[in-house]
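**Student:** Have a look; sequence and predicted model below, questions after that.
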Amino acid sequence: MSDLAAGGAHLEIPAVTEWAMEMLDAADLRPAPLPGVEMAFTLAGVPSADVNRALYAMVGARVCWTDRFPWTHADWRAWVERPELSTWLVMAEGTIAGFFELEAQPGGDTEIHLVGLTPAFVGRGYGGHLVEQCTRRAWQRGGLWARGSGPASRVWLRTSTLDHPNAMANYRRRGFKVAAETTAPKLVPDPRVAPWPLPHDPRAASRRHEEEELIT
């Protein structure tokens, strides 16, 4: 964690290339090799701004997922507490190994907003299986999640030159194809800064507890 002030420095990167990648048929999904450990995928039944925010920072800060760092707690709640959004937790070896967010959009479009592994699981050959299982669940929209929204007709995602260097190749191996490409400057918040509001100062609560003990 940086000692920069909350919302700290931004750096302008003069040329960031972003790709929209898509899959138009569930049959195009290509399986990945099985990982060396069992990975469990669980739909979060209770939307939690705190959980999504923590995972966003844990998974994404090392690969410049920083666009949401300026979000307030209210912004996060508005994002996750929607019936069309689902958050999936990935467990392996008794701990959180990753997560992904899926959104049911109008017309059958289903976007994979975020998908990634926590730092302890990066570089161990689990990324392909994660993307495969994430995409399978994206195609199960309307039944497994976002019930009543209708089936998926297109699964898509965005990636860029700021993402993990293996991300693009991983998506291609799973069957995604490039649908659009843009290159433009981008102002990127410092990924070492991850401000998060607390409902109160925990030091004050601790101090009150100590005072109560002295009185009694």
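**Tutor:** Ah, there it is.
**Student:** Please make it C-alpha for all contacts and neighbour counts, starting now.
**Tutor:** OK.
**Student:** gap between residue 17 and residue 162?
**Tutor:** Remark: distance between residue 17 and residue 162 (CA to CA, to the nearest Å) = 8 Å.
**Student:** Likewise for residue 143?
**Tutor:** Taking CA to CA, one finds residue 143 at 33 Å from residue 162.
**Student:** any idea how far residue 50 is from residue 75?
**Tutor:** Taking CA to CA, one finds residue 50 at 11 Å from residue 75.
**Student:** which residues sit in contact with residue 83?
**Tutor:** residue 146 (CA atoms under 8 Å, 6 or more residues apart in numbering).
**Student:** Just want to check the distance between it and residue 57.
**Tutor:** 23 Å.
**Student:** Centre-most residue in the chain?
**Tutor:** Nearest residue to the geometric centre of the chain (CA atoms, centre = their mean): residue 114, 3.3 Å.
**Student:** Give me the residue ranges of this protein where confidence is low.
**Tutor:** 1-8, 194-198, 202, 205-216 (pLDDT under 70).
**Student:** hey, where'd the strands end up in it?
**Tutor:** 10-23, 40-43, 85-92, 95-104, 109-117, 154-160, 177-189 (DSSP state E).
**Student:** so residue 60 sits right up against residue 69, yeah?
**Tutor:** No: judged on CA atoms under 8 Å, residue 60 makes no contact with residue 69 at a distance of 10.6 Å.
**Student:** ok, the residue lying closest to residue 183 once chain neighbours are set aside - contacts?
**Tutor:** Distances taken as CA to CA, 6 or more residues apart in numbering put residue 17 closest to residue 183, at 4.2 Å, once the chain neighbours are dropped. Residue 17 is in contact with 160-161, 181-184, counting by CA under 8 Å, 6+ apart.
**Student:** Kindly report the same for residue 135.
**Tutor:** 29, 112, 155.
**Student:** again, only using 6 Å
**Tutor:** Residue 135 is in contact with no residue at all, counting by CA atoms under 6 Å, 6 or more residues apart in numbering.
**Student:** again with residue 82
**Tutor:** So residue 82 contacts nothing (CA under 6 Å, 6+ apart).
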